[in-house]
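Chemist: I'll drop the sequence and a predicted model, then ask my questions.
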Amino acid sequence: MKKILSGNEAIARGAWEAGVLFASSYPGTPSSEILENVATYKEIKAEWATNEKDALMAAAGAALTGARAMASMKHVGVNVAADPFMTLAYTGVNGGLVLVTADDPELHSSQNEQDNRHYAKFAKVPMLEPSDSQEAKDFVKKAFEISEQFDTPVMLRTVTRISHSKTPVELEERKVPDRPVELKKEEAKYVMLPVYGRQRHKAIEERFLKLKEFAETFEENRLEMNDTSVGIITGGISYQYAKEVFPNASFLKLGMTWPLPGKMIGEFISKVDKVYVIEELDPFWEDNIKAMGYKIDAGKDKVPICGELSPTILAETFEPAYKVPGAVYSNPIPPRPPNMCPGCPHRAVFHVLKKNKLFVHGDIGCYTLGALPPLKSLDSCICMGASIGVTEGATQVLGEEALGKMVCVIGDSTFLHSGITPLLNMAFNKSNATVIILDNWITAMTGAQEHPGTGYTVRGEEAFCVDYAELAKVLGVKPENIRRVDPYNIEELDKVVKEEVNKNETSVIITKDAPCVLLRRAIASFNKPLVVDQDACTGCRQCVEIGCPAISWDVSKAGEYTTAEGKTKKRKGTAVIDATLCTGCGLCYQVCKFGTIKGESDEVPFGLKLNRYRPTDAAAAKS
Amino acid sequence: MENNITNILVAGVGGQGVILASDLMADTFLEAGYDSKKSEVHGMAQRGGSVSSHVRFGKKVDSPIIKMGEVDYLFMTEKLETLRWLSYCNPDTVFLIDPLEIYPPAVNLGTMEYPDDVEATLKDNYKNVHFIKATEIAAGLGNARAGNVVLLGTLSKLLDIDEDVWMKCILARLPQKLHDLNKKAFTEGRKAI
């Protein structure tokens, strides 16, 4: 049966067909849907790990018992998992172990566009790269076979345009390999003491030579001989773009990115007049092919390193006749960046941080959008957990100078991923920093995935739920410096932030009762939409400046207007609330100094009506 | 044999069902016996940003992404978003546009104006421009969110694929309670051109 699947769905299907027993992952675009889809197969024990290192270690543990296991993550997640990964290359596996890296050329939703092919070379492990969903599924199965045949972890690399493209896939049945799952002692292979590690280094060098031989006959490295005036060495998504632009050329399609089939490359180069190496991001193949002593006619001298490739870019590079159609519209087009949702619990926090002119170290999540206008109140964002880590260092050199001036913000999932140890470091080293944990009950940015603070597992089973205040306490933050605050209440938020940033000790502020507005199980109901009294609005723009998508600026009522007291005044426009978008969160009501934003009744609630299913929220609501 | 590929670019604003519309297209083209590929970027789509999805079908499709200048059908669920995709179009491109206006942040903030010359620009430069009040039609049927399926109905009228194949694929992806609404939305969309 043929079905149209995304690359991520196909990888999950491939894992199921390959007989995988265990899969772990931490969500990150464009990889998240792999584990979400794996979790739909009941034969695979699937879990969201706390972070990518935990995911890979868990998968390794499963593989060492003899099971086939997979860890999937986005490209930067591999940095987090790199520590176990580099040494797993030494220990090898037992059951197959596949690490899926979903790279994000063009940084559609990432902080960098690193090329993870380098990791395969760095760790001396094989890497496969599919060029569509069919290959994504097939290559997962081949990756497991290679992993077991050569006793090595295998990397499978996708990019956004593989993970998030859908192409037809032929579905097959599941086959679990006949391999015992058991505990078998083999300390010389798995205990990486120097004495054993030295031996294993020799073993991986021998393995690497065998893998190079294997690459020469691996069926997914293939010659497609056609017109020999141009020969193209490519693979992955670049292969599809190149086929589009060079339908008649000869191709060496690399299904295995590393190690490279040197003899095959030499044979191909000898058969064609000109050699083009077409690859996205770094000159990875190009440099390695040149190092073999071959000359190429086009590579990164013509094809850009930055950003993703496309048929358009290749046509512009190689087809003199091709031209991108000229612009027919010359006026500026208002941009439409992603934005915090109407009713988002992060919005008021940034409003308050901006009002207090604080320097804000940020982190990875929806709240990174606090950097965009009109809130514009984020001053750094590097990697998962960096907000706390860099703030610690800054407080150490600024000392009391930092008081009242700096704060860091981190989401719940990001805090559990990489924020716990830097907070411990803060408390241990007596930093006077203030950490705001924006607890919205879910991993929001990647589309609502569970973590140890949500109360549920990936399969929706109830699970242990962390209490951030208790955790901060055991990490060494003094109880009086741990505050829970309602982030929909601007006055309370402002007071608590001012108090804590001025303390000469480590402080933690945790937002309470503020789940992601898209988290349906947590929101019992929105409130009635608010309205701006169009006769009374002074046009001060305070509510417009909080950047809520439900509020817009209307110039049609600009000019003279009469106040309730009968005075004639002038205004530049009025604010208007879109009733279909407004959640009635009460934020604009609080920033309006003139009382012109009104609810259905006199009392306008702050925040939304909730289902408090987490023990900590239920307890907080009672107290 | 000639490999005629049809290129459809679907675009609009996060939350409008752009991705779903493109999924339904890809399902239908596969069901109708074609090779079919689609590609989009999600990630930040949910938060009201610009969203687009490339859909291609034919005997054999290589790239999931369309080359600029080669879009056959531009399927737009919001008016001003059309302006972002003109470099993908050519004089023969068929435009199917919901004239719905959703204000981007800069317009909400009053720092930029919502362009008032979209219709004029398109009519001056392209010959197959159709404005289909998809959201308005869907709202008339009881749910404005079915606007994407109204527009899908309109597109289906222009492609040589049996109406039943479309309907089968649309209903297969939607929950039972939405079947009646979407059948009507699709049918109204076919009448709209």
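Modeler: Cool, the structure landed. Bear in mind the structure is a predicted one, so any value in this text is a computation, not a measurement. Numbering: from 1, shown residues only, chains lettered A, B, ... in the order given.
Chemist: extract the C-alpha set from stretch A:158-170 and format it as PDB.
Modeler: Provided in PDB are the C-alpha atoms of stretch A:158-170 (Å, rounded to 0.1, in the frame of the first residue of the first chain):
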ATOM      1  CA  THR A 158      17.300  14.900   7.400                       C
ATOM      2  CA  VAL A 159      16.800  18.600   6.700                       C
ATOM      3  CA  THR A 160      13.600  20.500   7.100                       C
ATOM      4  CA  ARG A 161      12.600  19.900   3.500                       C
ATOM      5  CA  ILE A 162      12.900  16.100   4.100                       C
ATOM      6  CA  SER A 163      11.300  16.100   7.600                       C
ATOM      7  CA  HIS A 164       8.400  18.400   6.600                       C
ATOM      8  CA  SER A 165       7.800  17.400   2.900                       C
ATOM      9  CA  LYS A 166       5.300  14.700   2.100                       C
ATOM     10  CA  THR A 167       6.000  12.200  -0.700                       C
ATOM     11  CA  PRO A 168       4.500   8.700  -1.400                       C
ATOM     12  CA  VAL A 169       5.800   5.800   0.600                       C
ATOM     13  CA  GLU A 170       5.200   2.000   0.100                       C
END
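Chemist: so for it, what's the average pLDDT?
Modeler: Stretch A:158-170 comes out with an average pLDDT of 98.
Chemist: could you break chain A into its assigned domains?
Modeler: As assigned by automatic domain parsing, chain A contains the domains A:2-214, A:221-318, A:347-511, A:527-607.
Chemist: what comes up buried for stretch A:233-253?
Modeler: Using 16 or more other Cβ atoms under 10 Å in any protein chain shown as the test for burial, stretch A:233-253 gives A:233-246, A:249-253. To be clear about C-beta, it is placed using only N, CA and C from the backbone, and glycine gets the same treatment.
Chemist: can you show me the CA trace of that stretch as PDB?
Modeler: What follows is stretch A:233-253, C-alpha atoms only, in PDB (Å, rounded to 0.1, in the frame of the first residue of the first chain):
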ATOM      1  CA  ILE A 233      27.800  14.400  -7.100                       C
ATOM      2  CA  THR A 234      25.000  15.100  -4.700                       C
ATOM      3  CA  GLY A 235      22.700  13.500  -2.200                       C
ATOM      4  CA  GLY A 236      19.800  14.200   0.200                       C
ATOM      5  CA  ILE A 237      17.400  16.900  -0.700                       C
ATOM      6  CA  SER A 238      20.000  18.500  -3.000                       C
ATOM      7  CA  TYR A 239      19.700  15.500  -5.300                       C
ATOM      8  CA  GLN A 240      16.000  16.400  -5.900                       C
ATOM      9  CA  TYR A 241      16.800  20.000  -6.600                       C
ATOM     10  CA  ALA A 242      19.600  19.100  -8.900                       C
ATOM     11  CA  LYS A 243      17.500  16.500 -10.800                       C
ATOM     12  CA  GLU A 244      14.900  19.300 -11.400                       C
ATOM     13  CA  VAL A 245      17.500  21.600 -12.900                       C
ATOM     14  CA  PHE A 246      19.700  19.100 -14.700                       C
ATOM     15  CA  PRO A 247      17.200  16.400 -15.900                       C
ATOM     16  CA  ASN A 248      19.700  15.000 -18.500                       C
ATOM     17  CA  ALA A 249      22.900  15.100 -16.500                       C
ATOM     18  CA  SER A 250      24.700  12.100 -15.000                       C
ATOM     19  CA  PHE A 251      24.500  11.700 -11.200                       C
ATOM     20  CA  LEU A 252      26.400  10.100  -8.500                       C
ATOM     21  CA  LYS A 253      23.800  10.000  -5.800                       C
END
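Chemist: including distance to residue B:102, could the domains of chain A go into CSV?
Modeler: What follows is the domains of chain A, written out as CSV (distance: least, Cβ to Cβ, whole Å):
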stretch, distance to residue B:102
domain A:2-214, 21
domain A:221-318, 27
domain A:347-511, 18
domain A:527-607, 9
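Chemist: biggest helix in chain A by residues?
Modeler: Counting residues, the longest helix found in chain A (DSSP state H) is helix A:194-217.
Chemist: convert the C-alpha atoms of the helix or strand following that one to CSV, please.
Modeler: Counting by DSSP states H and E, the element after helix A:194-217 in chain order, helix or strand, is strand A:221-224. This file holds the C-alpha atoms of strand A:221-224, laid out as CSV (Å, rounded to 0.1, in the frame of the first residue of the first chain):
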residue,chain,number,x,y,z
ASN,A,221,25.4,5.1,-3.4
ARG,A,222,24.5,4.8,-7.1
LEU,A,223,25.6,6.0,-10.5
GLU,A,224,22.9,7.3,-12.8
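Chemist: helices or strands up against strand A:221-224?
Modeler: strand A:249-254, helix A:262-271 (3 or more Cβ pairs under 8 Å, 6 or more residues apart in numbering or on different chains; DSSP states H and E).
Chemist: and the closest residue to chain B within the stretch 101-250 of chain A, how many neighbours?
Modeler: Across the stretch 101-250 of chain A, the shortest distance to chain B (Cβ to the nearest Cβ) belongs to residue A:109, at 3.1 Å. By the criterion of other Cβ atoms under 10 Å in any protein chain shown, residue A:109 has 19 neighbours.
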